[in-house]
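Colleague: Here is my input; please provide its structure:
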Amino acid sequence: MNEHHFFSRRQFLGGALAAGASATLSAVAADKPAAQAKPKEFARKIKLGLIGCGGRGVWISKLFQKHGGYTVHAVTDYFENAADKAGETFAVDKARRFSGLSGYKKLLESGVEAVAIEDVPYFYPAQAKAAVDASLHVYVAKPVAVDVPGTLLIGESGKRATQKKLCFLVDYQLPGDPAMIEIAKRVREGALGPLARIASFGFAWHAWPDPPMGKTIESRLRGQIWLSDTALSGDTIVSYDIHIIDGILAVIGKPPVAASGRSRTCRPNPHGDRTDAAGVVYERDDGVIWTHVTPALDNNFDITTLSASIFGLKATAHIQYGGKVHIRGGEKHYVGQIGSVFSEGVERNIADVLREHHRGPLREPDRPARRGRHVDRHPRSRGRRAPTLPDDGRADQGEQCTGV
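Modeller: Here you go, the predicted structure:
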């Protein structure tokens, strides 16, 4: 039986998540290297388990390790060589390197006190539930699930984590950006006037890899190939567009109550079932119409990826996943800049959660709610259930699972 769980949710967030807020000091002179901040020393380190040893999983774990209060205690990946490579990176004992579809179960029993779930979205709901059942803190990548049952399970797990005083953090970045927070604040104060419509875009920067099928599903777990299978990724609108959809919800607050749309696959010789282009019309209960379009093609597109315009009767707001954002017109006009959300956004999100935990509640009175909102408003709510995958797959030598 494991002997762990000595750390509260507050301590957990005050630890590894603070790694995202740490930064190197500026150079004093041009010919003098920058001084490095000395990591804080801890009497005992929290044991972290990494589920998914791809590029993002290893990167996230390095942030935990960088803080100084955490040690990567165990790792697991479907592919044994990926788990071994990560194990070498973090000096994890070979006895605590696991592989296969059920590897995460062994990881949860290995003595870890927190987990970072960074493999393939299809597996997130079951893995997160199992971690909460084991009374572990959870840091899970987006999207939280690929279908309605999975989304609901994530919601239930988040609630149970709160009841058990555990941290359950979904790694969305855009809502935590200072410029986004300011826009949301002004919109809530009536900067746009009554809303008229919303237009958003989820243009992926390239088409996801889609090689021929192998003899088993194992071949689809390599690299980013899983993004071309809706059972694994939820399709592009879930795995990629969720960034801007989540950002819009952070600004407007009220979610849609109905949606309809069409999609098509138009690339030659498709192997996976992801769609190449789609359009969705969302409708709120106050009649506001929100249109969203999403292609994932290698076609030299000329529209900013992951962007949206929110049209009011008095003014218009524009947001995007990096770059200039603004409110144009009206009495509360504003211009701001969003930096590299992929890296800086994670750091801002981590610092914001840490700060709010030190204050007590997870929400400041003058800021829009950012927690407990993502788990039950999944954009792909079609009432479908993804196909069930076997739970006894064996690993071979190949590329690691990689997140986006």
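Colleague: By mean pLDDT, flag the weakest helix or strand of this protein.
Modeller: The weakest-scoring helix or strand in the chain, judged by mean pLDDT, DSSP states H and E, is helix 346-359 (a mean of 45).
Colleague: OK, contacts around residue 307?
Modeller: Contact criterion C-beta atoms under 8 Å, 6 or more residues apart in numbering gives 200, 201, 244, 318, 319, 320, 321 as the residues in contact with residue 307. Using the backbone N, CA and C atoms, a C-beta is placed for each residue, glycine as well.
Colleague: Repeat that for residue 199.
Modeller: Contacts for residue 199 (C-beta under 8 Å, 6+ apart) come out as 290, 291, 292, 308, 309, 311.
Colleague: what secondary structure does it sit in?
Modeller: Following DSSP: H, G, I helix; E, B strand; the rest coil, we place residue 199 in the strand state.
Colleague: How much space separates it from residue 146?
Modeller: 26 Å (C-beta to C-beta, to the nearest Å).
Colleague: likewise residue 162?
Modeller: The spacing between residue 162 and residue 146, counted by C-beta to C-beta, is 24 Å.
Colleague: Compare these two and say which one has the larger neighbour count.
Modeller: More neighbours surround residue 146 than the other of residue 162 and residue 146, with 28 against 16 (other C-beta atoms under 10 Å).
Colleague: Assign a three-state SS to that one, would you?
Modeller: With three-state DSSP as the criterion, residue 146 was assigned coil.
Colleague: Settle this for me: residue 49 is touching residue 105, isn't it.
Modeller: No - under the criterion of C-beta atoms under 8 Å, residue 49 makes no contact with residue 105, lying 11.2 Å away.
Colleague: Of the two, which one has the most company?
Modeller: It is residue 49, of residue 49 and residue 105, that has more neighbours when counted by other C-beta under 10 Å, with 27 against 17.
Colleague: so who does that one touch?
Modeller: Taking C-beta under 8 Å, 6+ apart, we find residue 49 in contact with 72-76, 107-108, 110, 112, 114-116, 136.
Colleague: if you set the cut-off to 7 Å instead, what comes out?
Modeller: 73, 74, 107, 110, 112, 115 (C-beta atoms under 7 Å, 6 or more residues apart in numbering).
Colleague: Which residue comes closest to it once chain neighbours are left out?
Modeller: On the basis of C-beta to C-beta, 6 or more residues apart in numbering, the spatially nearest residue to residue 49 that is not a chain neighbour turns out to be residue 112, at 3.5 Å.
Colleague: so that neighbour sits in a helix?
Modeller: No - if the criterion is three-state DSSP, then residue 112 is coil and not within a helix.
Colleague: phi, psi of it?
Modeller: When read as degrees, to the nearest 10, the backbone of residue 112 gives phi -70, psi 160.
Colleague: repeat for the one 5 residues further on
Modeller: Per-residue torsions, residue 117: phi -100, psi 110 (degrees, to the nearest 10).
Colleague: Then residue 260?
Modeller: Reported as degrees, to the nearest 10, the phi and psi values for residue 260 are phi -150, psi 150.
Colleague: what's the answer for the one 3 residues further on, then?
Modeller: The phi/psi pair for residue 263 (degrees, to the nearest 10) reads phi -140, psi 160.
Colleague: residue contacts, it?
Modeller: Contacts for residue 263 were tallied using C-beta under 7 Å, 6+ apart; they are 275, 277, 278.
Colleague: Kindly recompute the last result at 10 Å.
Modeller: 235, 236, 237, 274, 275, 276, 277, 278, 279, 280, 294 (C-beta atoms under 10 Å, 6 or more residues apart in numbering).
Colleague: Which residue ranges of this structure form strands?
Modeller: Assigned strands in the chain, in chain order: 46-51, 70-77, 97-99, 114-117, 137-140, 168-170, 195-201, 258-264, 277-283, 289-295, 307-312, 316-320, 323-328, 334-338 (criterion: DSSP state E).
Colleague: My understanding was that residue 52 contacts residue 122; is that so?
Modeller: No - Residue 52 is not in contact with residue 122 according to C-beta atoms under 10 Å; the separation is 11.7 Å.
Colleague: Who has more neighbours out of these two?
Modeller: Using other C-beta under 10 Å, the more surrounded residue of residue 52 and residue 122 is residue 52, with 31 against 24.
Colleague: which one is that one nearest to, not counting chain neighbours?
Modeller: The nearest residue in space to residue 52 (C-beta to C-beta, 6+ apart) is residue 119, at 2.9 Å.
Colleague: List phi and psi for the one you found.
Modeller: With angles defined as degrees, to the nearest 10, residue 119 shows backbone torsions of phi -100, psi -100.
Colleague: Pretty sure it sits against residue 60.
Modeller: No - the pair residue 119 / residue 60 is not scored as a contact, 11.7 Å apart, by C-beta under 10 Å.
Colleague: the more surrounded of those two?
Modeller: Neighbour tally, residue 119 and residue 60, criterion other C-beta under 10 Å: the higher count belongs to residue 119, 30 against 24.
Colleague: Contacts only, for the more buried one.
Modeller: For residue 119, the contact set (C-beta under 10 Å, 6+ apart) comprises 50-54, 56-57, 76-78, 82, 101, 103-104, 127, 141, 221, 226, 400-403.
Colleague: Which ones among these map onto helices?
Modeller: 56, 57, 82, 103, 104, 127 (DSSP state H).
Colleague: Of these, which is the most crowded?
Modeller: Neighbour counts for the ones in helices among the contacts of residue 119 were taken using other C-beta under 10 Å; the highest belongs to residue 82, with 29 neighbours.
Colleague: what's the distance between that residue and residue 206?
Modeller: Going from residue 82 to residue 206 by C-beta to C-beta gives 23 Å.
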